[in-house]
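Colleague: Return a 3D structure for these sequence lines:
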Amino acid sequence: MEMKNNRGFLLIILILGGLVSFSQLKRFNSSKQQYEMQFDLEQDRFSRPINFVEKIETNYPNLTYLGVPLSALKASYYVSLDSIDLAKRLFYKSMSDNPFLMYGEQRISELYYTTNQMDSMTYYANKAIKGLPNNAKHFYLKILSLKYEQKGDSILYYFNQIDEKVKKKDDALWRIVLGGIYGDNKVEKETAKNLAIESKKLYPYDNEINLIAEWILYSRDIANTNFRKFNNLMKMEDTNVSYKDSIFSEVVNLIPNNQRYFENYIAFLIRTQKNKKAKEIFENLSNNFSKINQKLVQAIQQIDERNED
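Modeller: Numbers count the residues shown, from 1 in each chain. Below you'll find the predicted structure:
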């Protein structure tokens, strides 16, 4: 009798040991997958071959060590493989795997945006920001949905809640906000102009941000015409100096707060040895803009050094 009990006990130990080993093996394999997927998650780029994607475990464990639902990551890979229906099912599953992170809601909202299903996009964008409000991507999706609904005043309400550090790093967010408030009568003109000026200071070399900001500050026609003139100047040789000088002068005078226009004008003047004029315009540039191209600063300094000699 005692021997049978011992055998039974040993059998239980062996079964438990096997289960533990199986569990550890699954966790080990998952950790190897997670190590590779972490880079994709950080870069927000989900492109892997189908054989890698199919092996991703989503049930045990069902979360990464950071709490991200593995089913949502697997779904993101399926989106890149154009398996949209399968991706949607996994996104829905991920919402119950971790109902607090709102990652599944965020990802499926992004998916609905790319497929132009704006009502569904808005529904999940609202869920994401309500469940986890202090998240830049959730703000981004909310602002996209408000732009679709043409609620410029609400865009500003949400934009003002975003951390200043995020605003200074997220150029895509500024494009959405500026585009959303442009031409919206519910947004006060002075508020829109102040935001446009701030965007130009933060992103002086971003063509798209500057162009939309200039739609707000001047007009769409003026900004677009000036932008086309500038692009033509950049393609033009320096052979007809006086003509190119006059067009550059028109461009910077029409929109005097575009740093890129001014810097390229000064560079042209230095190349064509109009140093006195270059220095005068540079002085204006340095008084009105805080971040100036260092190569241009050095070029002006070299002119001063030559004059001293």
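Colleague: Which residue, other than its chain neighbours, is closest to residue 141?
Modeller: residue 125 (3.9 Å; Cβ to Cβ, 6 or more residues apart in numbering). (Glycine included, C-beta is placed from N, CA and C.)
Colleague: so which helix or strand takes in that neighbour?
Modeller: helix 118-131 (DSSP states H and E).
Colleague: Rounded mean pLDDT for that helix, please.
Modeller: Helix 118-131 shows a mean pLDDT of 95.
Colleague: can I assume residue 178 is in contact with residue 214?
Modeller: No - counting by Cβ atoms under 8 Å, residue 178 stays clear of residue 214, with 10.0 Å between them.
Colleague: so what sits against both of the two?
Modeller: Residues within reach of residue 178 and of residue 214 at once, by Cβ atoms under 8 Å, 6 or more residues apart in numbering, are residue 196.
Colleague: what element comes up after the helix or strand of the chain with the lowest mean pLDDT heading to the C-terminus?
Modeller: Lowest on mean pLDDT, DSSP states H and E among the helices and strands of the chain sits helix 2-43, with a mean of 59. Where DSSP H and E defines the elements, the next helix or strand beyond helix 2-43 is helix 50-54.
Colleague: Could you confirm residue 292 falls within a helix?
Modeller: No - read with DSSP: H, G, I helix; E, B strand; the rest coil, residue 292 is coil and lies in no helix.
Colleague: so what's it scoring on pLDDT?
Modeller: 83.
Colleague: What values do phi and psi take at it?
Modeller: Residue 292 adopts backbone torsions of phi -110, psi 140, taken as degrees, to the nearest 10.
Colleague: so who does it touch?
Modeller: Per Cβ under 8 Å, 6+ apart, neighbours of residue 292: 259, 263, 285, 286.
Colleague: let's see it at 6 Å
Modeller: Under the criterion of Cβ atoms under 6 Å, 6 or more residues apart in numbering, residue 292 has no neighbours.
Colleague: how near is it to residue 137?
Modeller: Distance from residue 292 to residue 137, counting by Cβ to Cβ, to the nearest Å: 33 Å.
Colleague: where along the stretch 201-309 of the chain do the strands fall?
Modeller: Counting by DSSP state E, counting those that start in this stretch, no segments of the stretch 201-309 of the chain form strands.
Colleague: just for it, where's the confidence low?
Modeller: The stretch 201-309 of the chain contains residues with pLDDT under 70 at 304-309.
Colleague: what's the following helix or strand after the helix holding residue 125?
Modeller: helix 136-148.
Colleague: okay, the angle between that next one and helix 118-131?
Modeller: Angle of helix 136-148 versus helix 118-131, following axes from the mean of the first three to the mean of the last three Cα atoms, to 10 degrees, is 140 degrees.
Colleague: residues making contact with helix 136-148?
Modeller: For helix 136-148, the surrounding residues in contact (Cβ under 6 Å, 6+ apart) are 106, 109, 118, 122, 125, 128-129, 154-155, 158, 162, 166, 173, 176, 180.
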